[in-house]
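S.K.: Predicted model and sequence below, questions to follow.
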Amino acid sequence: MQKLGLILIIVSFFPWLAIAVIVPFLPISVAQKALLVPALLVLAEIIFWLGVLLVGKEVAQRYKRYLSFRYLKILLRKFRRGRRNRGYTDKRF
């Protein structure tokens, strides 16, 4: 069941991708596009939360940690520290 949940979480990003890449170029009216975008967003959220329910609380918390701003800030700090230690001359980092 956890594999199915992870697959659902990954599949939930496809409607977002469709909104950005496919919907603007569809040969439909602006009103129809305006209805399609929220429908795709709701579909993406439903698929995502079904996947989270299937993978379980522990796995969801682990992935939530990886997507937090605090974790990303720590990674950025490690990246910058690593660049300084390798002898790069660019002082902006």
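M.R.: That came through, no problem. Since we're looking at a predicted model, the values are computed, not measured. Numbering: from 1, shown residues only.

S.K.: lowest confidence element among the helices and strands of this protein?
M.R.: Lowest on mean pLDDT, DSSP states H and E among the helices and strands of the chain sits helix 57-66, with a mean of 76.

S.K.: Give the other helices and strands that that one contacts.
M.R.: Packing partners of helix 57-66 (3 or more CB pairs under 8 Å, 6 or more residues apart in numbering; DSSP states H and E): helix 2-11. Where C-beta positions appear, they are placed from N, C-alpha and C, glycine not excepted.

S.K.: So which bits of the helix or strand following the helix it packs on are buried?
M.R.: Downstream of helix 2-11, the first helix or strand assigned by DSSP states H and E is helix 14-21. Neighbour-count burial for helix 14-21, counted by 16 or more other CB atoms under 10 Å, picks out 15, 18, 19.

S.K.: Spit out the contact partners of the second one.
M.R.: For residue 18, the contacting residues are residue 40, taking CB atoms under 8 Å, 6 or more residues apart in numbering as the criterion.
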